[in-house]
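> got a sequence here, can you model it:
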Amino acid sequence: MSLLERLEQQKTAQSTVIENKEMGKFPSAHFDQYAELKDKVHKEIIDIINNEFSENAEVMENQEEYLRKTLESLIDANSVNMPRADRSRLVREVYDNVVGLGPLEPLLEDGDITEIMVNNAYQVYVERHGKLELSKTQFRDDAHVMQVINRIVSSVGRRIDESSPMVDARLSDGSRFNAIIPPLALNGPTMTIRKFSKKPFTVSDLVRFSSVSPKMMSFLDACVKGKMNIIVSGGTGSGKTTLLNVLSGYIPNDERIVTIEDAAEIQLRQDHVVTLESRPPNLEGAGQVTIRDLVRNSLRMRPDRIIVGEVRSAETLDMLQAMNTGHDGSLTTAHANSPRELMSRLETMVLMAGMDLPVKAIREQISAALNIVVHQSRLKDGSRKVVNVSEIVGMEGDTITLQDIYVYKQEGLDASGKLSGSFVATGVRPAFLDKLAASGILVRDDWFSN
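A predicted model of the protein is given here:
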């Protein structure tokens, strides 16, 4: 006898008993009844999975369809006259808890949500259109949050426990995931998910969002194809990785690209791509592979371009050396509040390598390695814009010289309360234009005029 047939018999037997009870319809408002039924169905489906799935190849091949049918039968066997809306909701929630990420699944499917912040089991915030708002989503308890966290980290070979209470990972769609748990998180297990679009953003998307102007992107296109070294700077959540993804799309398909990240997020569409990801230490504290280790190793892999997801420590020195030793056209990102501040941060990060280098030598290394700084900001209205495209000209005395090629000028608020402004070319023509022209890269004069 099949599982569904046994469930049908159970439903018939229970309905004989239930006929003499005045239960009536199952109302959506009765949270306790709904939660009790949900918990019971969840436990029963887990027992069924443990007993049936490993022994039935046909079930494994059609897992989703089989689970949903089984859940519907379990609900029929445990309730009477359940409204269709409650029934569909219950099937979806239990299914998400069993094979997905539970209450987070609807938020992950919502295309308007760009970030999910679980502060504790009963407080989940989301970022929608650049603004934070409290969602109605809740977890059952802290154990439920931990269940979801463990499901994510185990799928990518990471771990999280009291001895290692912080973790960075990625979801199957490439979204960035961070979790921190007690004893460090006093309010309970906390996680943050920065969603990536299922369809990578393109140049036309950024122009449509008014994040950048067509002239700026045409200029950056020429810079990438002409093998200028570019660093994208900005604050947390300003869109650095998204812009890096778009810029990397300009790299010709016949070049060998090596990407290096803590959690693989860069979505390249070229054919010849090698993706490297750092590794945390194991339970014994051994086996760690850092970004710096990967940058050094990448130099032996014959890359045409090296893309580092973000430099934040000693690997900055190795990245600059790579840019200075024949790996032109490399790309990376870094946190900073302005292009000028970025220069100071790069100095600090190079010093973290433990090398006793003179400050002037570090600055000369930076000015020789980097050509363009693209600075992106998240503005007060939640919009993300490229506010500076600057050229690193060289050194004047002990100071790195920068000159803006494009800037974003704010002009006020429009009728809908959004910031209004315009992208302005400063009129400065970069010093490397002759190099681009010599490489056969098209350079247009109107890029640098308004």
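> quick one: contacts for Val374?
220, 230-233, 243, 247, 386, 388-389 (CB atoms under 8 Å, 6 or more residues apart in numbering). All C-beta atoms are positioned from the backbone trio N, CA, C, and that covers glycine.
> that one belongs to a strand, doesn't it?
Yes - counting by DSSP: H, G, I helix; E, B strand; the rest coil, Val374 is located in a strand.
> what does Glu347 show for phi and psi?
Main-chain dihedrals, Glu347, degrees, to the nearest 10: phi -60, psi -50.
> since we're on it, how many residues are nearby?
17 (other CB atoms under 10 Å).
> quick one: it and Lys360 touch, right?
No - the pair Glu347 / Lys360 is not scored as a contact, 10.3 Å apart, by CB atoms under 8 Å.
> and the closest residue to Pro106 other than its chain neighbours, what does it touch?
Among residues not flanking Pro106 along the chain, Thr137 sits closest, at 7.3 Å (CB to CB, 6 or more residues apart in numbering). Neighbouring residues of Thr137 by CB under 8 Å, 6+ apart: 103-104, 106-107, 124.
> and Thr137, what element?
Assigned by DSSP states H and E, Thr137 falls within no helix or strand.
> if we look at stretch 207-224, which residues are touching it?
By CB under 8 Å, 6+ apart, the list of residues contacting stretch 207-224 reads 203, 206, 230, 239, 243, 246-248, 250-251, 329, 331, 371-372, 374, 376, 383-386, 389, 405-406, 423, 425, 436, 441-444, 446-447.
> could you pull up the mean pLDDT of it?
Per-region confidence: stretch 207-224 scores 94 on mean pLDDT.
> buried residues, that stretch. List them.
210-213, 215-224 (16 or more other CB atoms under 10 Å).
> ok, of the contacts of stretch 207-224, which come out buried?
By 16+ other CB under 10 Å, the contacts of stretch 207-224 give 203, 206, 230, 239, 243, 246-248, 250-251, 329, 331, 371-372, 374, 376, 383-386, 389, 405-406, 423, 425, 436, 441, 443, 447 as buried.
> circling back to that earlier point, just put the buried residues of stretch 207-224 in JSON lines and tack on secondary structure and distance to Leu351.
Output for the buried residues of stretch 207-224, formatted as JSON lines (DSSP: H, G, I helix; E, B strand; the rest coil; distance: CB to CB, whole Å):
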{"residue": "Ser210", "secondary structure": "coil", "distance to Leu351": "38"}
{"residue": "Ser211", "secondary structure": "coil", "distance to Leu351": "33"}
{"residue": "Val212", "secondary structure": "coil", "distance to Leu351": "33"}
{"residue": "Ser213", "secondary structure": "coil", "distance to Leu351": "36"}
{"residue": "Lys215", "secondary structure": "helix", "distance to Leu351": "37"}
{"residue": "Met216", "secondary structure": "helix", "distance to Leu351": "33"}
{"residue": "Met217", "secondary structure": "helix", "distance to Leu351": "34"}
{"residue": "Ser218", "secondary structure": "helix", "distance to Leu351": "37"}
{"residue": "Phe219", "secondary structure": "helix", "distance to Leu351": "33"}
{"residue": "Leu220", "secondary structure": "helix", "distance to Leu351": "30"}
{"residue": "Asp221", "secondary structure": "helix", "distance to Leu351": "34"}
{"residue": "Ala222", "secondary structure": "helix", "distance to Leu351": "34"}
{"residue": "Cys223", "secondary structure": "helix", "distance to Leu351": "28"}
{"residue": "Val224", "secondary structure": "helix", "distance to Leu351": "29"}
